[in-house]
Each structure stands twice: as structure tokens, then as C-alpha cells.
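A.B. asks: This is a predicted model, with the sequence first.
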Amino acid sequence: MALTDLSLEELETFRPDVAEPADFDAFWQRTIEEARAAATPPTLVPADTPVTRLIVEDLTFDGFGGDPIRAWVTRPHTHEPLPAIVEYIGYGGGRGIPGERLQWAASGYVHVLMDTRGQGSNWGSGGDTPDPHGSASASSGFMTRGIEAPETYYYRRVFTDAVRAIDTVRELPFVRRDRVSVTGASQGGGISIAAGALHPDVFAVMPDVPFLCHFRRSVERTPDHPYAEIERYLAVHRSRVDQVFETLSYFDGVNFARRIHQPALFSAALMDGIVLPSSVYAAYNHLASKDAEIEPYLFNGHEGGQIAQWVRQARWLAERV
């Protein structure tokens, strides 16, 4: 592999202008309010797992449109309310089987792994959450589903689910409601940026090699999928370029980053051909937070720091929690 983008020195000052819709805040306020109004009480039941040293439970809550969203809740055996981590999943993956991800719970947190609607069949151990909403013509994958308008775009539903997950977790009796943080890698990182901006009560935001930032640059310059789904769509729908990027501006991590005031820890990989490091730094350099750090992995691709980055996150968060 080789550097896929700018040098580290260039990235540190890369703060491009990204189009932001005039009704960005109103659009998202309306969307979240509608989802909250449609919500019913969640359910939480024991999971079928051989894990016994931790409590593992199956959570179902209402997301966008009242649709049921699944999540695994993994936590220590204690009656004391604990800080929580809501984790979002990378592109194409699902929540898998109960007990797959134990590090956060083993470190003293309530860990909530949210399934991503409609996904879960590209890697890992599967997903359990359907997306009952259809769309007009789209290329393969999820990037162009409903891309004709922000109201119908796939990630409107996903980002709303992410906010509703935080709402739900903050009401669990074994969670410290003032210490709920969000994280995720790749798509999960992009979702965590949106969730941190849309939910002011999030304690900290930890996106790892986050996807879904600076869409225009990413679509035009990223060598690998899944941004190529949008490129392929526009190669067919030649007259929709402006329309598509207008839609995407409502979901751009750069615009969400401008609204993040919480502590934030990002990471980027300089040999990443799936998420350009410049797209990550474009969001990071627009953060409103006064407590923000980014960890660059100079010789890694999209895998980033993997467990090394988790150790970095755990130590960074412990200093603040």
C-alpha cells in the first residue's frame, strides 16, 4: 500500500468548505421529534449465550418510524449504575451473536451494540434488524437507497435509529445517564459522529476511521467501495448530480462535526483506500469541541489501529469518565 491522500502535515490543516443546507437543523429536529413521538417502551430479555461472567441481554427499541431495532447489551454483574458505550457497526455487518464483543463490558462499562437496519450479510455473524422501507432505483449496496431526497435517504433512518438508541440506553436503570458515549469504526464511526451531533446529552464521541464524511471529495477520489456505489449511480443517472449531492449534504459528517461540543477522539489511517484520511480530517478539523484529539496511523489501511485504537479509546475515556 501507499499513501492514498494528503501528507500528515497537509491533513492537519485541511479544513475545506462543505455545503450545508439552510434547513439542516430543522430537518433533523423534525426527524428526531417524529421518531420520539412514535416510540413505545423497549424490551430487554436475557440472551442465549454461554457467557456467564458478564450479563448479556437482547434489547429491542423503536427507531425511525417506530421500526423495531435490535441491540446486544453486555455489562458487568453489579447493581451499581455504570457508564455506557453505544457502538455502531461497520458497513455491511450486523450485531452478530451475543458475547462477540466483550472488551467494553470487561472494562466496567455497559456496552450496547446496535444492529444496523437492513445490513448484516456481508461479513461477521449476521444481523437481525430488517429495513421495511423501500426506495426508488438504486445501485447495489446501501449508499444510494432513497438518494433522490433527504426525506427518503437510507441514512436518515440509520442516524435516527442511532439517536433513539441513546435515548433508550439513558433510561436503563443500570446506566449512568450522564455518561453515555458513542463509538464505531468505518460506517459505525460516521454514525457516531451524527449521533454525537444530534443528541446533546452524549458524553463523548469516539469515531474510528469514520466513513460518511466530505461526500463530494470521497465520491470523486476514493479508489475503493462503497463510495463507488454513488459513482456508479451517477454514471447512469447523469442529470442527478446536483440533486444527489444536495441530499448527501444533510448526512455529511463535516456538517455534524460542526455541532459536536463533547470530548472527541478520532482516528485516521493514511493508507486507507476505503475512507480517505482527508475526509476524516475534514470532519475533525471542523469540530466545535475544545477537547478533541486524533490518532493517525501512518502505515495502515482501513483496518486502522484495531485493538491498539481500542486501548487508546479506553484510556482516553477513563480519564474523562
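C.D. replies: All right, it came through fine.
A.B. asks: Okay, now the unreliable bits of the stretch 1-150 of the chain?
C.D. replies: 1 (pLDDT under 70).
A.B. asks: how about the helices in it?
C.D. replies: 8-12, 24-38, 103-106 (DSSP state H, counting those that start in this stretch).
A.B. asks: and G134, which of those is closest to it?
C.D. replies: helix 24-38 (18.5 Å; CB to CB). C-beta here means a position set from N, CA and C on the backbone, and glycine is covered the same way.
A.B. asks: what comes up buried for the closest one?
C.D. replies: F24, W28, T31, I32, A35 (16 or more other CB atoms under 10 Å).
A.B. asks: just checking, what packs against it?
C.D. replies: Identification of packing neighbours for helix 24-38 by 3 or more CB pairs under 8 Å, 6 or more residues apart in numbering; DSSP states H and E yields helix 154-170.
A.B. asks: Same question for the helix it packs on: list its buried residues.
C.D. replies: Neighbour-count burial for helix 154-170 [16+ other CB under 10 Å]: 154-170.
A.B. asks: Averaged pLDDT, the next helix or strand along the chain from it. What do you get?
C.D. replies: Under the assignment DSSP states H and E, the closest C-terminal helix or strand after helix 154-170 is strand 175-185. Mean pLDDT, strand 175-185: 98.
A.B. asks: Which elements pack onto strand 175-185?
C.D. replies: Applying 3+ CB pairs under 8 Å, 6+ apart, one finds that strand 175-185 contacts strand 82-88, helix 154-170, helix 187-198, strand 205-208.
A.B. asks: what lines up beside that strand in the sheet?
C.D. replies: Next to strand 175-185 in the sheet, as set by DSSP bridges, lie strand 82-88 (parallel), strand 205-208 (parallel).
A.B. asks: Show residues contacting it.
C.D. replies: 81-90, 110, 162, 166, 169-171, 189-192, 195-196, 201-210, 304, 313, 317, 321 (CB atoms under 8 Å, 6 or more residues apart in numbering).
A.B. asks: rerun at 7 Å
C.D. replies: The contact list for strand 175-185 (CB atoms under 7 Å, 6 or more residues apart in numbering) reads 81-90, 110, 166, 169-170, 191-192, 195-196, 202-209, 304, 313, 317, 321.
A.B. asks: For it, C-alpha coordinates in CSV please.
C.D. replies: Only the C-alpha atoms of strand 175-185 are listed here, as CSV (Å, rounded to 0.1, in the frame of the first residue of the first chain):
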residue,chain,number,x,y,z
VAL,A,175,-26.8,3.1,33.2
ARG,A,176,-25.4,6.4,34.4
ARG,A,177,-27.5,8.6,32.1
ASP,A,178,-24.9,11.4,32.2
ARG,A,179,-22.1,9.1,31.0
VAL,A,180,-23.3,7.6,27.7
SER,A,181,-20.6,7.8,25.0
VAL,A,182,-20.7,6.7,21.3
THR,A,183,-18.2,4.9,19.1
GLY,A,184,-17.8,2.8,16.0
ALA,A,185,-15.4,2.1,13.2
